[in-house]
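Chemist: quick one, structure for this:
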Amino acid sequence: MTWGKNEWAAVLGASGVTLGAFGAHALKETLAARGTTDSWKTAVLYQLVHAVALLALPENRAGTTVQLWTAGSILFSGSIYGLSLGGPRILGPVTPIGGLCFIGGWLLLLL
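Modeler: Below you'll find the predicted structure:
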């Protein structure tokens, strides 16, 4: 089965809601102690916004934008989740790469 925009949107949406709830409840004290609650919320927000944006993409415009937004969600949000929990500093440079994927996906919609 080849995954399209709806499948990726479903996975990113479901995991985004799960991680948001996890951050608000199970990890609340940990994130607060580390001072990373806002970073966690930013990661969740960007992941969920792009999950919804995937659903709104017309099929004839999806292609590479789906790939870029999915990669952006994994790299941008994923690295922030890791850093928020004390992951290795090497994740720091991954965040802007994910951001560039997001931007590239949006700019492709101009074509």
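
Chemist: report the buried residues of stretch 37-48.
Modeler: Thr37, Ser39, Trp40, Lys41, Ala43, Val44, Tyr46, Gln47, Leu48 (16 or more other CB atoms under 10 Å). To be clear about C-beta, it is placed using only N, CA and C from the backbone, and glycine gets the same treatment.

Chemist: check which helix or strand covers the closest residue to the fourth one other than its chain neighbours.
Modeler: Ranked by CB to CB, 6 or more residues apart in numbering and with sequence neighbours excluded, the top spatial neighbour of Lys41 is Gly23, at 7.1 Å. In the assignment (DSSP states H and E), Gly23 maps to helix 5-24.

Chemist: neighbouring contacts of that helix?
Modeler: Identification of contacts with helix 5-24 by CB atoms under 8 Å, 6 or more residues apart in numbering yields 31, 37, 40-41, 43-44, 47-48, 50-52, 54-55, 57, 59, 62, 66, 69-70, 73, 77, 81.

Chemist: tell me how far it lies from the chain's centre.
Modeler: 9 Å (CA atoms, centre = their mean, to the nearest Å).
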